[in-house]
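Trainee: How does the following fold in three dimensions:
(one chain, ligands or ions: 3)
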Amino acid sequence: MTSLPDTPILDKVKFPADLKSIEDRDLPQLAREVRDEMIDAVSKTGGHLGAGLGVVELTIAIHKVFNTPDDRLIFDVGHQCYPHKILTGRRDRIRTLRQEDGLSGFTKRAESEYDPFGAAHSSTSISAGLGMAIAAELSQTDRKVIAVIGDGAMSAGMAYEALNNAGALDARLIVILNDNDMSIAPPTGAMSAYLARLASGRTYMGFRDFGKKLTAYLGKTVDRAITRAVEHARGYVTGGTMFEELGFYHIGPIDGHSFEHLLPVLRNVRDNAKGPVLIHVVTQKGKGYPPAEAAADKYHGVNKFDVITGTQAKAKPNAPSYTSVFGEALVQEARFDEKIVGITAAMPSGTGLDKLQSVFPKRTYDVGIAEQHAVTFAAGLASQGYKPFCALYSTFLQRGYDQVVHDVAIQGLPVRFPIDRAGFVGADGPTHAGSFDIGFLSSLPGFVVMAAADEAELKHMVRTAAAYDEGPISFRYPRGEGVGIPMPERGEILEIGKGRIVKEGSKVALLSFGTRLAECLLAAEDLDAAGLSTTVADARFAKPLDHDLIRQLVRHHAVLVTIEEGAVGGFGSQVMHMLVNEGLLDGGLKVRSLVLPDCWMDQAKPETMYAKAGLDAAGIMKTVFAALGEGRTGVNAAG
Ligand SMILES: Cc1ncc(C[n+]2csc(CCOP(=O)(O)OP(=O)(O)O)c2C)c(N)n1
Ligand SMILES: CC(=O)[C@@H](O)[C@H](O)COP(=O)(O)O
Ligand SMILES: [Mg+2]
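Mentor: Numbers count the residues shown, from 1 in each chain. Ligands and ions are numbered 1, 2, ... in the order given. Purely as a prediction, here's the structure:
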């Protein structure tokens, strides 16, 4: 007789409190249901799948044992939080993930009281958790704080700064190391090897052994100093772990998919831990969905897909992606110049450096999630005559900014910075938008700052950067496809600081920095039709500015509009500074500067975000008409 399908449990669990009435023995079924729900949802939305599949049991166990939201639960990066969102009152909205007006793809304070800290950039959870743990101690509450951090996120220096401080403070903080032996790509670095030794070298600790061990640890003395000395001595005898040396009570490895392991360990820690504890949990990224388990990337980030086959929907590209153009152009230049090396911070495929890695593996370095180190590592290479391309997303370059200033710019070292994901990125929302690099780089003396207007320009900029050895140089380009123009066989070397006129006009001048050029050309057509003859220029450089070009535009036009995919303080600000100081505004020229809005724009399609920001053709036209005081707002006003 076939067994009746189990009565759905997930329908009875809207919030973690509902877990209290679910028997431990029924949790594996709940895990199956959460997994099915998540797979179905992400098959419709796309998003981060593998990481969440790997923490279904862990998430259920944490919410079962601890008293969230009063006990604080922080997910590092937060891309694995979909099971958490399903179990914390957001199941009904889970199919709005990463869409306009939908749920964020990461944890987000404004979204739920169960998200005590926002994430998306990695390796922040232990620091934030320590802050909350100390706050709990200062306010003398019994609140527990749990930080869940992945093995990849443990490759960033910030995680060790936090471990170091937590150990010193002897803070009551619970760190759960979710070790699935994966980052986005297979992990790199000695830490990854160390964790692998820990995970394989020590047999899984059953909860009975752990219970004896922890009771012995706690029962032995009330004086933690003596306890820690004993622990330290034990470390010397039994080869304690790095975490114990830092003052953490290290438990594990335990099986992160076994409730028999998870529940008693978490309950023991909840009831008995008095200081920092690190629980080493071994999981499988993509667990429970065979297409994800079989995939090299474990379906880290997926498009919409067919649940049965796992086949992802792939829109037919109209043009190559900027990332692929960069990757291929760099391989081409590397063939000509053996001094060219590539550096990525755990994102070989995202940056396109996987292409260099496949052709020149010994000239490509994946340093792990370590942008600060990546920048200064590149500076070290440049100081010895190499030509490092330190390829980072704009948003992740922010993490290495002091290194850019202190180790690269002040020393004038010729590090090349390919900056991908410039401007709005769409589904990842404000945490990943590439908004600030124009400003924070063009303010640095001696930096050359470029932006590609299209994929052909990007190819020129790769060649130009390879040839430029006078100091640091950056070039930015957006996520997604190019505009579909013919590509040169090889890029040309651009004249540093020189822009170009793309379309001649006589009344309005649109000066674009980056890929808004296409929208400028569309706007120019309609402006011409409205009797406003329009020049369109591609600045190419935010630093050094093309002063001759700008003076020429000022002399022969009544309106000058600058436009960029960056926040205020970038290209437009550089131009305004020049105009003011050269007295070029004294003649009544009407000048406007179009930039990203001064707010954190939630996720939507990039084109929708740019339209909302007034950075599309309609917005450009509206700006021109307003500047001329003509009150017209778009094509229909042209009549
Ligand atoms: C500072 C920073 N750099 C890069 C990334 C891109 N990134 C997102 S998730 C990830 C890998 C995280 O690996 P791990 O912590 O092991 O989590 P898993 O996906 O394995 O669950 C990376 C590199 C990021 N979010 N933040
Ligand atoms: C979670 C994270 O930070 C990365 O997975 C990021 O979402 C990748 O962005 P792209 O999809 O633009 O490569
Ligand atoms: Mg991992």
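Trainee: Show me what Lys543 is bridged to.
Mentor: Val449 (DSSP bridges).
Trainee: Tell me who's in contact with it.
Mentor: For Lys543, the contact set (C-beta atoms under 8 Å, 6 or more residues apart in numbering) comprises 441-442, 447-449, 574. (Each C-beta comes from the backbone N, C-alpha and C, glycine too.)
Trainee: hmm, 10 Å instead?
Mentor: With contacts defined as C-beta atoms under 10 Å, 6 or more residues apart in numbering, Lys543 is in contact with 438, 441-450, 473-474, 496-497, 570-571, 574.
Trainee: which of the residues you listed are buried?
Mentor: 438, 441-444, 446-450, 473-474, 496-497, 570-571, 574 (16 or more other C-beta atoms under 10 Å).
Trainee: Next step: these restricted to helices.
Mentor: Among those, the residues falling in helices (DSSP state H) are 438, 441-442, 571, 574.
Trainee: from those residues, which is closest to Gly400?
Mentor: Taking C-beta to C-beta as the measure, Gly400 lies nearest Leu441 of these, at 11.8 Å.
Trainee: near ligand 2 at all, stretch 385-400?
Mentor: No: applying C-beta under 6 Å from any ligand atom, one finds stretch 385-400 separated from ligand 2 by no less than 7.1 Å.
Trainee: Dump that stretch to PDB, restricted to CA.
Mentor: The C-alpha trace of stretch 385-400 is given here as PDB (Å, rounded to 0.1, in the frame of the first residue of the first chain):
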ATOM      1  CA  GLY A 385      57.200  46.000 -13.800                       C
ATOM      2  CA  TYR A 386      54.200  43.800 -14.400                       C
ATOM      3  CA  LYS A 387      50.900  45.000 -15.800                       C
ATOM      4  CA  PRO A 388      48.200  43.800 -13.400                       C
ATOM      5  CA  PHE A 389      44.500  44.100 -14.400                       C
ATOM      6  CA  CYS A 390      42.700  44.100 -11.100                       C
ATOM      7  CA  ALA A 391      39.200  43.300 -12.200                       C
ATOM      8  CA  LEU A 392      36.600  44.200  -9.600                       C
ATOM      9  CA  TYR A 393      32.900  45.100  -9.800                       C
ATOM     10  CA  SER A 394      32.500  48.800  -9.000                       C
ATOM     11  CA  THR A 395      30.600  48.000  -5.800                       C
ATOM     12  CA  PHE A 396      33.300  45.600  -4.600                       C
ATOM     13  CA  LEU A 397      36.100  48.000  -5.500                       C
ATOM     14  CA  GLN A 398      34.700  50.100  -2.600                       C
ATOM     15  CA  ARG A 399      36.000  47.600  -0.200                       C
ATOM     16  CA  GLY A 400      39.600  48.200  -1.400                       C
END
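Trainee: Val375: what secondary structure?
Mentor: Using DSSP: H, G, I helix; E, B strand; the rest coil, the structure places Val375 in helix.
Trainee: From ligand 3, how far off is it?
Mentor: Using C-beta to the ion, to the nearest Å, we find Val375 at a distance of 23 Å from ligand 3.
Trainee: Tell me the one of the ones in helices among the buried ones among the contacts of Lys543 nearest Tyr194?
Mentor: Nearest to Tyr194 among these is Leu441, at 35.5 Å by C-beta to C-beta.
Trainee: contacting residues around that closest one?
Mentor: Shown in contact with Leu441 (C-beta under 10 Å, 6+ apart): 394, 397, 401, 404-405, 409, 417, 419, 447-450, 472-474, 476, 542-543, 570.
Trainee: All set, thanks.
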